[in-house]
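Student: Mind folding the following:
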Amino acid sequence: MTDPIYFNRALDQNLEEALSDAKSIVSELKNDGYRISESCRFSIFIKKLSEFIEKGFGLWERQSDTALLAEGIRDFAELGAIVKSKAIRQNSKKGIQQLFGGSVKPSDDNLTHSRDLQFELYLAAIFDLSGLNISIDEPDFTFKFEEVIYSVAAKRINSEQKIHARFSKAKKQIKTSGIKGFIAFSLDRIVWDKMRDDAYIITDNPDTLYEAGQTALLNLLQTKIKKAAWSNRDSLVVGHIASLTIPAILPKKNSF
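Tutor: Numbering: from 1, shown residues only. As a prediction, the model looks like this:
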């Protein structure tokens, strides 16, 4: 494949819109028979956002709540894409049920399986919603482009120390599948890896966000990813898909 395919999905919502969408997504999944407890991270987000709107706290006044809300907005943006994908809904029922695990914030996760799986299904959903015929299959999913089937091994990287290991595992999965494909990786957790915290941006200038994201992504690829990608070359690895999502909060617009 000579030309890269770029997927860019921006989401801009005020608090009331975010709450309404979140409730609709949960209701739709419950109607499909999924078990979503009041203690799961998605339910807690809805409760916290409802309280936040009712009490009218400034977005900058309670840092712990701000981090929770920022991550919740991102979680529901990704869950929303998964719910919209008919291919995922039909073929990943067990996987969708597993998404409801995990702590409210990624930094509190002792086990990362739920959010790792969320990245895999979210990426597959974006491919599906972009018109590419996907199948939930080894290594994580496959898609068809110009009558050729490609595989995707999707890895959420949770620390800088695990970059090489995650790339190595992805390469092995592609080789085992025997289908030429892509190593896809989420860099969300290593943007400010040394802080061991949950990343979000507060700004009143939304025009700078895309440029800042591009700059951060390019820096990560050049400094932390290049060596791992180079050392995990293989004839069946035809490319890489980089994903970087950082929630942004615009206080003056009261939006995410």
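Student: how close does the nearest residue to Q97 once chain neighbours are set aside sit to D108?
Tutor: Of all residues not flanking Q97 in the chain, Y34 sits nearest, at 5.7 Å (Cβ to Cβ, 6 or more residues apart in numbering). Heads up, the C-betas are built off the backbone N, CA and C, glycines and all. Distance, Y34 to D108, using Cβ to Cβ, to the nearest Å: 23 Å.
Student: Please apply the same query to E38.
Tutor: Distance from E38 to D108, by Cβ to Cβ: 18 Å.
Student: Which one's more surrounded, those two?
Tutor: D108 (11 against 8; other Cβ atoms under 10 Å).
Student: Listing request: residues of the chain with sub-threshold pLDDT.
Tutor: For the chain, the stretches with pLDDT under 70 are 1-12, 56-64, 192-196.
Student: After the helix or strand S43 falls within, which helix or strand is next?
Tutor: Under DSSP states H and E, the secondary-structure element containing S43 is helix 41-55. Toward the C-terminus, helix 41-55 is succeeded by helix 63-84 as the next helix or strand (DSSP H and E).
Student: ok, residues contacting the next helix or strand after that following helix?
Tutor: Sequence-wise, the next helix or strand downstream of helix 63-84 (DSSP H and E) is helix 86-91. The contact list for helix 86-91, computed with Cβ atoms under 8 Å, 6 or more residues apart in numbering, reads D32, I82, V83, G95, I96, L121, A124, A125, D128, I134, S135, I136.
Student: What about those residues, which one has the most neighbours?
Tutor: Most surrounded of the contacts of helix 86-91: other Cβ under 10 Å gives A124, at 29 neighbours.
Student: what's the closest residue to it other than its chain neighbours sitting at in phi/psi?
Tutor: Spatial nearest neighbour of A124, chain neighbours left out: F141 (4.3 Å); criterion: Cβ to Cβ, 6+ apart. Backbone geometry at F141, expressed as degrees, to the nearest 10, gives phi -160, psi 160.
Student: so what's F141 up against?
Tutor: F141 touches E120, L123, A124, F127, I134, S135, S151, V152, A154, counting by Cβ under 8 Å, 6+ apart.
Student: between these, which is closest to L209?
Tutor: L123 (21.1 Å; Cβ to Cβ).
Student: All set, thanks.
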